[in-house]
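Engineer: sequence and predicted structure, then a few things I'm wondering about:
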Amino acid sequence: MRRRRMPNGPNGPLGRYLTVMTFNVGEHRQSGGKLLAAAAAILMVCGLGLPPLAAADTDQCTPPGIDGAIALPRKLATATRPQEDKYITGDVEPLSSVDIGALGLSTPGALTVGALSQAPPTTCINSTGRFTGFDNELLRAIAGKLGLRVNFVGTDFSGLLAQVASRRFDVGSASITATEARRRTVGFTNGYDFGYFSLVVPAGSAIIGFDDLTRGQRIGVVQGTVEDAYVVETLHLQPVKFPDFTTVYASLKTRQIDAWVGPALEALDAVHPGDPAAIVAHTFSLGNYVAYAVAKENRPLIAALNSGLDAVIADGTWSQLYTDWVPRPLPPGWEPGSKAALTPHLPDFATIAARHHRALDEPAPPKSTLDQLRDSFFDWDLYKQAIPVLFTTGLPNTLILTVSATVIGLVFGMVLAVAGISRTRWLRWPARVYTDMFRGLPEVVIILIIGLGVGPVVGGLTNNNPYPLGIAALGLTAAAYVGEIFRSGIQSVESGQLEASRALGFSYQAAMRLVVVPQGIRRVLPALVNQFIALLKGSALVYFLGLIAGQRELFQVGRDFNAQTGSLSPLVAAGVFYLMLTIPLTHLVNFIDVRLRRGRPSAEPGDTLDLITSTSGQEMT
Amino acid sequence: MAETARPEPVSLAGKDIHLSFGKNAVLRGVDIDVPAGATVAVIGPSGSGKSTLLRTLNRLYEPDSGDILLDGRSVLRDNPDRLRQRIGMVFQHFNLFPHRSVLDNVMLAPRKLRRLSADAARELALAQLDRVGLKHKAAARPGTLSGGQQQRVAIARALAMAPQVMFFDEATSALDPEMVKGILALIADLGADGMTMLVVTHEMGFARSTSDAVVFMDHGNVVETGPPAQIFEAARTERLQRFLSQVL
């Protein structure tokens, strides 16, 4: 059904990666960095060990092209559409009268766009890390007409509209259906696409239409989407809400849910032939059309995008992208752009689809369970694709996030610990309250509150980049745990140490600094390394804030590959990276532990320390 | 012996010192007098307030009322840190800094508080260690030393600040019996050198042979004071007699 490009030809990303690595080896040898050279050599051998790169038919984030054309579902094609939309503008300003200085952009000269990384074919990241899909490519073309650059940032659908409303993003591009309810939060451009829903059920399900959905069934939707609203408001049922399409569909395949109500294009893209799932019915979306979301009060930007949209319709770009990415007939009576926009010329998709015998309801032979398992966990081509990106993007970012947050955690944790054991209640109480708050909240809540709540307040400072906020959230949380670890360590030092120091004439501060705190820290080193491990794993949560492609840490790199392909193999690969970091650290803890307990091998048995290796609740969630 | 200039001995006195921890009155009007260069032993049952008295006289605990005179001058308005630099203290459990070497233990206070250069502090510390016979252990960690050796290091550490007065708080109580004699001899040597010393001890033989005066405390009061011969052979109070009959 889909035509995929070869992502891994000699000029594909992996081929390029190998070239770069080989170059690096030479460079390292010249500089005499033996260790680096050895590491690079090992990598290169691993790379050379790969078999000739086959055409991996895995990237869902590529355009299907005109041969992938589908007909409108029969039932849908004849259905009555909702009423004509009163929001479509009658006309647009000419492009030449758009003043890009007046568009209120957070970065002058560029659109900052919130997009989804895993909803092909409309918005997704492809295997080269580029945000693409129909919506995003169209937006690039529109921005080109306006003379603007486009910076895409990945985010979750559930938070997208709020982030657009708060001006974290100038534009939301996520196949957003322009509904009345959403217009209370954000403004919309004219439509560039239309939407309808598919009902997807596990193979062999008794459900064959929307009328069969009843109370007591587990109906999956993506949180905050029109499908969510449709199930609640039109069907009067309570859906099971998921963060993204990949997770819903994975749950459906494993029969953890009874049905998935999803956008038709995404459903069609997700359901591979042979999957234990079938698309059984379609219906119209709630609103009339799909549009870009813009902050409600930013009328100049909405008007500019409308001008650009009419321009790309007029010059045929819209038709080309539509044909490449989402080839299917327009529903009767609907056209993109303003009412004055030209009628786009499109091939006769229904005829092409008929020639290729592609219908939406076409069944396919089911795959065996073993095949499914192999596709999910042992897709070697996917490992080969994922590992270089995990190395070059995921690993550095995970380490940057973890190490930066650790530094914040150590410094601020020490402040909390010293304040927590202070004799002054004005130091002790705030430290106590802080620690209780940050230890008592799930980390994901802290990350979302700091990232989405504090983010817009300090937007100027961070240039609307959530990366520092993620570090701050992780660091501030770690500080609460580290503070408790330090406090327990300091308090475990015998009171005689402070007394002896003070008897010598040291002030309280000097005695703590020179004698008590250094001993306390030594005792809690194992607990601190444990905390570092927890932080390393916790860094995956930063993905909630939306990161541009180059900022993705290990988990999100794996997650994006997982979303492109539906296979769990990239996540397994990311997991292996985490283990390569955490297992040595775990053994380091044990080593420090034994060393401090028993002393160095040459030391006499007397040289021991009481160790505090665990404090309550050091594990982050 | 020590090359450092020894300060002139000074006197120490506590006048009507009261101290309570909450409702618990620990010192109830203690008067004590340590003449310049004298060694005064403090004896008494556990919980009588002996150790608390030492910690109050160097203001580790601030007295509720009363006065402390060092060299005849009240020190209650002085900076307590400065006061404690003039009074060395040795503890029952040594309280050496386990994360630092023996040399660093002795060097730390002179270096940081007397602001000596690293070389000067090291020279001073080695001299003090030599004085207690442990120069060869300078690089060791305290944890590798015997109890007696640790207490010698603790004495060297206190002396490195060139104190005018030395306090010993049951300095031999945590030692194995064979170590006790050496430490007591070291303390006696210090006294013979003219150091003003206040020694809380359970070693009655030491109190009798080495001190110039003995103070008997019970329930936060000084019950009886006098020269050792009088205290041990002609106790006047029933409480002292009963105490001596139990410990001798």
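Structural biologist: Great, that's in hand. Numbering: from 1, shown residues only, chains lettered A, B, ... in the order given.

Engineer: and residue 194, how many neighbours?
Structural biologist: No chain specified, so I'll use chain A. Applying the criterion other CB atoms under 10 Å in any protein chain shown, we find 21 residues in the vicinity of residue A:194. Just so you know, the C-beta spots here come from the backbone N, C-alpha and C atoms, and that holds for glycine as well.

Engineer: wait, chain B was what I had in mind.
Structural biologist: Neighbour number of residue B:194 under other CB under 10 Å is 15.

Engineer: look up how far chain A lies from it.
Structural biologist: Taking CB to the nearest CB, to the nearest Å as the criterion, residue B:194 is separated from chain A by 22 Å.

Engineer: how about the nearest residue to that residue, chain neighbours excluded?
Structural biologist: Nearest residue to residue B:194 in three dimensions, chain neighbours excluded: residue B:37, at 4.6 Å (CB to CB, 6 or more residues apart in numbering or on different chains).

Engineer: ok so that neighbour is a helix residue?
Structural biologist: No: read with DSSP: H, G, I helix; E, B strand; the rest coil, residue B:37 is coil and lies in no helix.

Engineer: quick one, what contacts it?
Structural biologist: B:9, B:194, B:195, B:196 (CB atoms under 8 Å, 6 or more residues apart in numbering or on different chains).

Engineer: residue contacts, the third one?
Structural biologist: Read it as residue B:195. Contacts for residue B:195 (CB under 8 Å, 6+ apart) come out as B:9, B:37, B:39, B:165, B:166.

Engineer: pretty sure the first one sits against residue B:194.
Structural biologist: Translated: residue B:9. Yes: at 5.2 Å, residue B:9 counts as touching residue B:194 under the criterion of CB atoms under 8 Å.

Engineer: surely residue A:119 meets residue A:174?
Structural biologist: Yes: look at residue A:119 against residue A:174 with CB under 8 Å: they come within range, at 6.7 Å.

Engineer: where do the contact lists of those two overlap?
Structural biologist: residue A:157.

Engineer: if you count what's nearby, which of the two comes out ahead?
Structural biologist: Taking other CB under 10 Å, residue A:119 and residue A:174 do not tie; residue A:119 has more neighbours (28 against 25).

Engineer: mind listing what that one touches?
Structural biologist: The contact partners of residue A:119, by CB under 8 Å, 6+ apart, come to A:133, A:157, A:174, A:175, A:244, A:245, A:263, A:266.

Engineer: before we move on, the earlier item: residue A:70 versus the residue nearest to residue B:194, what's the distance?
Structural biologist: 107 Å (CB to CB, to the nearest Å).

Engineer: can you name the two of the contacts of residue B:37 that are farthest apart?
Structural biologist: B:194 and B:196 (8.1 Å; CB to CB).

Engineer: okay, and the common contacts of the two?
Structural biologist: When contacts are counted by CB under 8 Å, 6+ apart, residue B:194 and residue B:196 are jointly contacted by B:9, B:37.

Engineer: grab the most central residue of the chain for me.
Structural biologist: Chain wasn't specified; assuming chain A. When chain A is reduced to its mean C-alpha position, the closest residue under CA atoms, centre = their mean turns out to be residue A:543, at 4.9 Å.

Engineer: that was the other one, I meant chain B.
Structural biologist: residue B:167 (1.5 Å).

Engineer: hey, what's that one bridged with?
Structural biologist: Note on residue B:167: beta-bridge partners residue B:89, residue B:198, judged by DSSP bridges.

Engineer: can you name the residues that contact it?
Structural biologist: With contact set as CB under 8 Å, 6+ apart, residue B:167 has these partners: B:54, B:57, B:58, B:87, B:88, B:89, B:90, B:197, B:198, B:199, B:200.

Engineer: in TSV: these, plus pLDDT.
Structural biologist: Shown next, in TSV, are the contacts of residue B:167 (pLDDT from 0 to 100):
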residue	pLDDT
B:54	96
B:57	96
B:58	94
B:87	95
B:88	95
B:89	97
B:90	97
B:197	96
B:198	96
B:199	96
B:200	96
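
Engineer: tell me if I'm right that residue A:568 and residue A:373 touch.
Structural biologist: No: taking contacts as CB under 8 Å, residue A:568 lies outside contact range of residue A:373: 9.6 Å.

Engineer: tell me which of these two has more neighbours.
Structural biologist: The neighbour count for residue A:568 versus residue A:373, taken as other CB under 10 Å, is higher for residue A:568 (20 against 12).

Engineer: if we can go back for a sec, who wins for most neighbours among the contacts of residue B:195?
Structural biologist: Within the contacts of residue B:195, neighbour counts (other CB under 10 Å) peak at residue B:39, which reaches 26 neighbours.

Engineer: tell me the bridge partners for that one.
Structural biologist: Where residue B:39 sits in a bridge, its partners, by DSSP bridges, are residue B:197.

Engineer: isn't there a strand covering residue A:191?
Structural biologist: No: counting by three-state DSSP, residue A:191 is located in no strand; its state is coil.

Engineer: tell me the contacts of it?
Structural biologist: The contact partners of residue A:191, taken as CB under 8 Å, 6+ apart, are A:85, A:88, A:178, A:288, A:289, A:290, A:291, A:334, A:336, A:337.

Engineer: near chain B, from those?
Structural biologist: Counting by CB under 8 Å from any CB of the partner chain, nothing from the contacts of residue A:191 sits close to chain B.

Engineer: now list the buried members of those residues.
Structural biologist: Judged by neighbour count, with 16 or more other CB atoms under 10 Å in any protein chain shown as the criterion, the buried members of the contacts of residue A:191 are A:88, A:178, A:288, A:289, A:290, A:291, A:336, A:337.

Engineer: I'd like to know how many residues surround residue A:319.
Structural biologist: 16.

Engineer: also residue A:457?
Structural biologist: As a burial measure, the neighbour count of residue A:457 was computed by other CB under 10 Å and equals 10.

Engineer: look at the residue lying closest to residue A:414 once chain neighbours are set aside and give its secondary structure.
Structural biologist: In space, not counting the residues next to it along the chain, residue A:414 is nearest to residue A:486; the distance is 5.7 Å by CB to CB, 6+ apart. The three-state label given to residue A:486 by three-state DSSP is helix.

Engineer: my guess is residue A:486 meets residue A:421, correct?
Structural biologist: No: with contact taken as CB under 8 Å, residue A:486 and residue A:421 are classed as non-touching, separated by 9.4 Å.
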